[in-house]
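using only what follows, build the 3D model:
(one chain, ligands or ions: 1)
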Amino acid sequence: MSRSAHPAGPRHADVLPEGHYSAPPSDLNTLDSKVWAQTVRRDADGVVTVGGIDVKAIAEEFGTPAYVLDEADFRARARAWRTAFGHDADVFYAGKAFLSRAVVRWLDEEGLNLDVCSGGELATALSAGMPADRIAFHGNNKSTEEIRRAVTAGVGRIVLDSFQEIVRVAHIAQELGKRQRVQIRITVGVEAHTHEFIATAHEDQKFGIPLAGGQAAEAVRRALQLDGLELIGIHSHIGSQIFDMSGFEVAAHRVVGLLKDIRDEHGVELPEIDLGGGLGIAYTSDDDPREPHEIAKALTEIVSRECDAAKLRTPRISVEPGRAIVGPTAFTLYEVGTIKPLDGLRTYVSVDGGMSDNIRTALYDAEYSVALVSRASDAEPMLARVVGKHCESGDIVVKDAFLPADLAPGDLLAVPATGAYCRSMASNYNHVLRPPVVAVRDGEARVIVRRETEEDLLRLDVG
Ligand SMILES: *Cc1c(COP(=O)(O)O)cnc(C)c1O
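Next up is the predicted model:
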């Protein structure tokens, strides 16, 4: 393959336009282990490998774009969460981050439980053999049909999200001759330090029942009266991509306050609290996520301290990490297409996917890293923007990144930390086919979710 340099792109720090980047890194070939899956390496010949397989072989066998998922890393992270919280707590993996039958089996084997929030996610979980009593069912607008299926399957808990749902679930459970274990999701008025669209515990939003104004206490009053329900606890989820534990601190304080009020009013000590998910991961070298054991220690201490102060038995804690388990375990592999240097601005590098396989940059202004992975390069850094192939100028995958100036069509790029909320939010915009998820482990690669075909698209189009 012939490689041509692109002399017109801006390269030097003194001519760089404004953007999200810091200075160009000293060596573009180095892969920061913080943002890449555990088994990712750059070989002596410059090609990147994962799970012992080189990315050129993966691209050749499975095509691009593809999500490449490091199974050993997924299992290690799931296990780290499980171990960190021990036997007095439960870890529910948030399936909405990425769910497939292989993932369900890994979770089952590693001893994790599973959160689902739609009939489709429930069907996936059950079809892969996740025991129903280890499934929690979430959502702000569960349909009657979804509730019926969840209760019939015997899910371990349904997280109630509104006054109407309290009555609806109780009614359906009674109809089916069951008593459904439930938690009530409350909003504690904490806004996690994150992007507005992904912060969820402040009160002006669609999820949960506000603690403020006594609404949560009223929800508890009603749930306790209904025969179809067994109220086991209170649920709070304060946001996403959170690095700072202070939000959880305030949330735990308020949830425990409610437990105390419930004890005082009803003489009942609810046995569980769920503090949700939302723990951050490293998308770029600037992010510094905490380890599961630090998070477990902090959360457990906060809850027992608050309970001691309120003279309550410490309830069983559960947490619901999604991104923190699957996010770092996958990267998206793309092939470089057209390269367009814009004088004094940056070089636009087009790849063979885009907003249909990663909507997070367009939706949340998310930041990502990117690297040339099919070879090493000693060329100088060029300021680049990695864009997709869609008919939309907001179709940006990586807003600002440095790539080697000798980048050429046919090179392979990889965007790390795309395991969460990329395949699960993928679309068919422009009738682009959704990429496969390829799991690698110990020198073997297998497709766990296959690439869509034009036949798949046309099958839905019934004319
Ligand atoms: C989205 C969500 C999670 C998972 O969030 P992450 O940021 O992926 O950890 C957990 N619990 C609830 C209720 C959620 O809505």
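
partner residues bridging the closest residue to the ligand within the stretch 1-150 of the chain?
Going by CB to the nearest ligand atom, the ligand is nearest to Ala94 of the stretch 1-150 of the chain, at 3.4 Å. Every residue, glycine included, has its C-beta placed from N, CA and C. As for beta bridges, Ala94 partners with Asp115 under DSSP bridges.

wait, it sits on Asp115?
Yes: between Ala94 and Asp115 there is a contact under CB atoms under 8 Å: 4.7 Å.

between these two, what contacts are shared?
Glu320, Gly322 (CB atoms under 8 Å, 6 or more residues apart in numbering).

which residues touch the residue most central in space within the chain?
In the chain, the residue lying closest to the centroid (CA atoms, centre = their mean) is Arg323, at 2.9 Å. The contact partners of Arg323, taken as CB under 8 Å, 6+ apart, are Ala94, Ala97, Ser240, Gln241, Gly277, Gly278, Leu279, Gly280, Ile281, Ala420, Tyr421.

which residues does the last one contact?
Taking CB under 8 Å, 6+ apart as the contact definition, Tyr421 lies against Lys96, Ala97, Phe98, Arg323, Gly327, Arg360.

repeat that with 7 Å
Neighbouring residues of Tyr421 by CB atoms under 7 Å, 6 or more residues apart in numbering: Ala97, Arg323, Arg360.

for it, give its distance to Ile317.
Using CB to CB, to the nearest Å, Tyr421 is found at 25 Å from Ile317.

Val188 - nearest residue in space that isn't next to it in sequence?
Nearest in space to Val188, with sequence neighbours left out and distances taken as CB to CB, 6 or more residues apart in numbering, is Arg254 at 4.2 Å.

can you give me the distance of that neighbour to the ligand?
16 Å (CB to the nearest ligand atom, to the nearest Å).

that residue belongs to a helix, doesn't it?
Yes: under DSSP: H, G, I helix; E, B strand; the rest coil, Arg254 sits within a helix.

can you count the residues close to it?
Arg254 has 22 neighbours, counted by other CB atoms under 10 Å.

now the one 5 residues further on
Residues lying near Leu259 (other CB under 10 Å) number 25.

equivalent analysis for Ala102, please.
Neighbours of Ala102 using other CB under 10 Å come to 18.

show me what contacts the closest residue to it other than its chain neighbours?
Closest residue to Ala102 apart from its sequence neighbours, by CB to CB, 6+ apart: Ile448 at 4.1 Å. Shown in contact with Ile448 (CB under 7 Å, 6+ apart): Ser100, Ala102, Val437, Ala439.

check which residues of the longest strand along the chain are buried.
Counting by DSSP state E, the longest strand found in the chain is strand 330-342. Neighbour counts over strand 330-342 (16 or more other CB atoms under 10 Å) mark Ala330, Phe331, Thr332, Leu333, Tyr334, Glu335, Val336, Ile339, Pro341 as buried.

repeat for stretch 244-263
Applying 16+ other CB under 10 Å to stretch 244-263 flags 245, 247-256, 258-263 as buried.

also stretch 149-163?
Arg149, Ala150, Val151, Val155, Gly156, Arg157, Ile158, Val159, Leu160, Asp161, Ser162.

which of the residues you listed fall within strands?
Arg157, Ile158, Val159, Leu160.

picking up where we left off before, skipping adjacent residues, who's closest to the residue nearest to the centre of the chain in space?
According to CB to CB, 6+ apart, the nearest residue to Arg323 is Ala420 (4.0 Å).

next, the one you found: secondary structure please.
Ala420 ends up coil, using three-state DSSP.

what confidence value was assigned to it?
Looking at Ala420, its pLDDT reads 98.

go on, His12?
Taking His12 on its own, its pLDDT is 47.

name the residues of the stretch 201-350 of the chain found near the ligand, please.
Proximity of the stretch 201-350 of the chain to the ligand (CB under 6 Å from any ligand atom) is limited to residues His237, Ser240, Gly276, Gly277, Gly278, Leu279, Glu320, Pro321, Gly322, Arg323, Ala324.

out of these, which is nearest to Glu452?
Of all those, Glu452 sits closest to Gly322, with 23.1 Å by CB to CB.

C-terminal to the longest strand of the chain, what's the next element?
Next helix or strand after strand 330-342 toward the C-terminus (DSSP states H and E): strand 346-351.

okay, the angle between that next one and strand 330-342?
130 degrees (axes from the mean of the first three to the mean of the last three CA atoms, to 10 degrees).

same for strand 346-351, what does it pack against?
Applying 3 or more CB pairs under 7 Å, 6 or more residues apart in numbering; DSSP states H and E, we find strand 346-351 packed against strand 330-342, strand 381-387.

give me the distance from the very next helix or strand once past the shortest one to the chain's centre.
In this case it means strand 381-387. Proceeding N to C from strand 381-387, the next assigned helix or strand is strand 396-404, under DSSP H and E. How far strand 396-404 lies from its chain's middle: 22 Å, per CA atoms, centre = their mean, to the nearest Å.

after strand 396-404, next one along is what?
strand 412-416.

that following strand packs against which elements?
helix 55-62, strand 330-342, strand 371-372.

make it 8 Å
Packed against strand 412-416 by the contact rule (3 or more CB pairs under 8 Å, 6 or more residues apart in numbering; DSSP states H and E) you find helix 55-62, strand 330-342, strand 371-372, strand 396-404.
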